[in-house]
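Colleague: Kindly generate the corresponding structure for this input.
(chains A and B)
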Amino acid sequence: MSDTNTSTSEIRERLHDRSTPTGVGLGLRADLLDDAHAGVADGRVAFWEVSPENYMDRGGRLVDQFEALAERGPIITHGLMMSLGALDPLDDAYFAALRGFLDRHGRGWHSDHLCFSTHEGALLHDLLPLPADEDTARRVAARIREASDRLERALAIENISYYLPMGEAKLSEAEFVTCVCEEADCGLLLDVNNVYVNAKNFGFDALEMLAGYPLDRVVQLHVAGHTHWPRFDMYLDDHGSTAEPTVHELMQWIVERTGPLPVLLERDKAIPPLAELLDEVASLQASYDAALARRRERAPAAPPPDAEVAHAG
Amino acid sequence: MLAERDAIQSLLGQVIRDRALREQLERDPAAALAARGLAEADREHILAVGVERLIAYHEMVHSRLFRTIRTFIGVAAEHLGDARLHADVHRFVAERGPSSPYLREVPREFHRWVAPSWDADDSLPPWLSELASHQILRRDLRNDPRAVGPALDTKIELEAPVVCNATARVLRYRWAVHRLGRRPRVDDTPTALEPGHAVVAFRSPAGKPSFLDIKPRSAALLELLLAGKTLREALFGACEASGEALDDEILSVTAVTLASLSEAHVLLGGRADP
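Modeller: Numbering: from 1, shown residues only, chains lettered A, B, ... in the order given. Below you'll find the model as predicted:
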């Protein structure tokens, strides 16, 4: 792996700007749109995260509500269907539509997943894992650079949960993600729940693995809940429950090291009423604020200003 | 080395799509993996965790696609039965697979692919395919990316095209599936329609999928107006299609039709600059 020493937050400095929201946001889902549009969440979420695929090439009431919401507050875009790791070429029509959407609603970066979703032209609508080795990392990094060029926008990739090893792993997940990010020179959307789910499924220490991730490239975090699937005896990153305290702690560990970030709470299944979800947002925000406070306490004291009068003798 | 890695990715895709391969894996995992060209070390790592994890991915993908399709075709799914729908979805994924990056378009892709087999199957109700298509259409109309547009002050003129609701379309239904309402019950069955019966489908200004019955000559007129023809061209075209000569009665009926379609927000007004 490269030992290129980027400055501590070069990527964040490049991708973030004054308008980048920090603190806890919520994933915008169709179930929440009516309440969100009515202002139930106003002032209670730092941003809404949206998947462009839910609004691209689409019209009607749902899009009207989204457009109105986008006028009122910060939006961060996070895609689903780039299939960056696929063996098929990138989809021209999809990228053209995505480019149009991002030109209207995008900010310093757009993100999608480090995965593949296509097989011989068929789109499987899932986030499928990649073999963890340097050859695959270089191949995928080239596609990330191509995707970034097509969109004329910086990209961040998200680490995914995976449920089987794609053969013999030559690299750990952290090493693989680091290799891809450095080759592609892209940002990282670090999903701490995914690291935790993978740790539970494969028996490694989540915090040790997190420490191997390129924290200098983190531009955003995801936090979510997960459930156990008894039929296959594995933990599933289904975003269908409240995030566990351990996931809060992992988020805090990152934020203490990176400083302020946008942190998204994901909920895609068994979605409670927005008012209830906002309580979870508040709880996560409290954890986030505590982490920032600890970071400030640990920061070296600022040097005193130069004295105008010096004691003599 | 890269080819070996590609083989692993390809394996996962194949297991998800090919039910027969999934069954081979369940019967004899080691042999099924060996037959796929994977390196021994790769096979060992997959077998150590268990091929159940490959099958879990098959389940996850099919589950999501099945649920989406089932939701969109609504009550048609209850008439079909889950077992048959699962089997058809499996065949669709194996033989064709979704091509749209939008999950909301997969049910329409599925229906286009499966409709001939449903229509040819005497064990299924003859209206099933049309009912499923209509249920999907309701969502298509809500999601149509074209703007409905406001009603205009400009009059409809004979020598000019008419501004139309961009979401409007004319359909030829054999069964009155559009009269069953938004959420038909399983014991609601559509009645047969006269051959050539037409239905106008569109999204209302309030965002609701809307349907109007329309007689054949008026349907032909509307289709021509939607295609951008002038009113004169549409009038004569509709008469030609119905084998009639344009007369005062047809003109009178057409005036009423235009007024009705305007009131329904299918026609929006005259075009300012033809």
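Colleague: Show me the helices in the chain, by range?
Modeller: Just so you know, I chose chain A. A:10-15, A:30-37, A:61-72, A:92-105, A:134-151, A:173-184, A:192-202, A:206-211, A:245-258, A:274-298 (DSSP state H).
Colleague: my bad, the chain I had in mind was chain B
Modeller: Under DSSP H, chain B gives helices at B:2-17, B:19-27, B:29-34, B:40-49, B:52-73, B:75-80, B:82-95, B:106-119, B:128-143, B:216-226, B:231-242, B:248-263.
Colleague: got the buried residues for the fifth one?
Modeller: So that's helix B:52-73. B:52-62, B:65-66, B:68-70, B:72-73 (16 or more other CB atoms under 10 Å in any protein chain shown). Where C-beta positions appear, they are placed from N, C-alpha and C, glycine not excepted.
Colleague: by how many degrees do that helix and helix B:2-17 diverge?
Modeller: 50 degrees (axes from the mean of the first three to the mean of the last three CA atoms, to 10 degrees).
Colleague: Of all residues in the chain, which one is nearest the centre?
Modeller: No chain specified, so I'll use chain A. For chain A, A:Leu189 is the residue whose C-alpha lies nearest the centre (CA atoms, centre = their mean; 3.1 Å).
Colleague: Let me rephrase: I mean chain B.
Modeller: B:Arg108 (3.5 Å).
Colleague: Relative to B:Ser129, how far out is that one?
Modeller: Distance, B:Arg108 to B:Ser129, by CB to CB, to the nearest Å: 13 Å.
Colleague: okay, the helices of chain A in CSV with mean neighbour count and mean pLDDT next?
Modeller: Output for the helices of chain A, formatted as CSV (neighbours: other CB atoms under 10 Å in any protein chain shown; pLDDT from 0 to 100):
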stretch, mean neighbour count, mean pLDDT
helix A:10-15, 18, 92
helix A:30-37, 17, 93
helix A:61-72, 15, 94
helix A:92-105, 16, 97
helix A:134-151, 18, 97
helix A:173-184, 23, 98
helix A:192-202, 23, 97
helix A:206-211, 17, 97
helix A:245-258, 19, 97
helix A:274-298, 16, 96
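Colleague: out of the ones you listed, which comes closest to B:Arg112?
Modeller: helix A:92-105 (18.0 Å; CB to CB).
Colleague: close to chain B, is that closest one?
Modeller: Yes. Judged by CB under 8 Å from any CB of the partner chain, helix A:92-105 and chain B are in contact via A:Tyr94.
Colleague: Which elements pack onto that helix?
Modeller: strand A:75-77, helix A:134-151 (3 or more CB pairs under 8 Å, 6 or more residues apart in numbering or on different chains; DSSP states H and E).
Colleague: Compute the inter-axis angle for the helix or strand of chain B with the lowest mean pLDDT and helix B:19-27.
Modeller: For chain B, counting by mean pLDDT, DSSP states H and E, helix B:2-17 ranks last in confidence among helices and strands (a mean of 87). Counting by the same axes, to 10 degrees, helix B:2-17 lies at 100 degrees to helix B:19-27.
Colleague: helices or strands up against helix B:2-17?
Modeller: Packed next to helix B:2-17, using 3+ CB pairs under 8 Å, 6+ apart, are strand A:116-119, strand A:122-128, helix A:134-151, helix B:19-27, helix B:52-73, helix B:82-95.
Colleague: which stretch among these comes nearest B:Arg203?
Modeller: Taking the helices and strands packed on helix B:2-17 one by one with CB to CB, helix B:52-73 is closest: 16.6 Å.
Colleague: What mean pLDDT does that closest one get?
Modeller: Averaging pLDDT along helix B:52-73 yields 96.
Colleague: got a list of contacts for that helix?
Modeller: With CB atoms under 8 Å, 6 or more residues apart in numbering or on different chains as the test, helix B:52-73 has contacts from A:124-126, A:128, A:163-164, A:229, A:231-232, A:234, B:11-12, B:15-16, B:22, B:25-26, B:46, B:77, B:80, B:82, B:85-86, B:89-90, B:93, B:98, B:103-104, B:106-108, B:110-111, B:131-132, B:135-136, B:139.
Colleague: ditto for stretch A:55-64
Modeller: Residues contacting stretch A:55-64 (CB under 8 Å, 6+ apart): A:30, A:33, A:54, A:66, A:97-98, A:100-101, B:102, B:104, B:142-147, B:203, B:207.
Colleague: Span of it from start to end?
Modeller: 10 Å (CA to CA, to the nearest Å).
Colleague: on that earlier part again, ok, which of the helices of chain A comes nearest B:Leu267?
Modeller: Going by CB to CB, the one of those nearest B:Leu267 is helix A:61-72, 22.1 Å.
Colleague: which ones are touching A:Val197?
Modeller: Taking CB under 8 Å, 6+ apart, one finds A:Ser161, A:His226, A:Tyr235, A:Leu236, A:Asp237 in contact with A:Val197.
Colleague: okay, now the second one: neighbour count?
Modeller: What that stands for is A:His226. When counting by other CB atoms under 10 Å in any protein chain shown, one arrives at 22 neighbours for A:His226.
Colleague: my guess is it meets A:Met234, correct?
Modeller: No. The criterion here is CB atoms under 8 Å, and A:His226 misses it with A:Met234 at 10.1 Å.
Colleague: any common contacting residues for these two?
Modeller: Shared contacts of A:His226 and A:Met234 (CB under 8 Å, 6+ apart): none.
Colleague: Would you mind giving the helices of chain B as CSV with distance to A:Ala46 added?
Modeller: Formatted as CSV, the helices of chain B follow (distance: least, CB to CB, whole Å):
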stretch, distance to A:Ala46
helix B:2-17, 36
helix B:19-27, 43
helix B:29-34, 47
helix B:40-49, 38
helix B:52-73, 30
helix B:75-80, 40
helix B:82-95, 39
helix B:106-119, 33
helix B:128-143, 29
helix B:216-226, 46
helix B:231-242, 54
helix B:248-263, 47
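Colleague: Least reliable of the ones you listed by average pLDDT, please.
Modeller: helix B:2-17 - the lowest mean pLDDT of the helices of chain B, at a mean of 87.
Colleague: Off-centre distance for that helix?
Modeller: The chain centroid and the centroid of helix B:2-17 are separated by 31 Å under CA atoms, centre = their mean, to the nearest Å.
Colleague: export that helix as CSV, just CAs?
Modeller: Taking Å, rounded to 0.1, in the frame of the first residue of the first chain, the C-alpha atoms of helix B:2-17 are listed here in CSV:
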residue,chain,number,x,y,z
LEU,B,2,-7.7,-11.0,-12.4
ALA,B,3,-9.5,-13.6,-14.3
GLU,B,4,-9.8,-15.8,-11.2
ARG,B,5,-11.2,-12.8,-9.3
ASP,B,6,-13.7,-12.2,-12.0
ALA,B,7,-14.7,-15.8,-11.8
ILE,B,8,-15.7,-15.4,-8.2
GLN,B,9,-17.8,-12.3,-9.0
SER,B,10,-19.4,-14.1,-11.9
LEU,B,11,-20.1,-17.1,-9.6
LEU,B,12,-22.1,-14.9,-7.2
GLY,B,13,-24.1,-13.4,-10.0
GLN,B,14,-24.8,-16.8,-11.5
VAL,B,15,-25.9,-18.2,-8.1
ILE,B,16,-28.3,-15.3,-7.7
ARG,B,17,-29.8,-15.7,-11.2
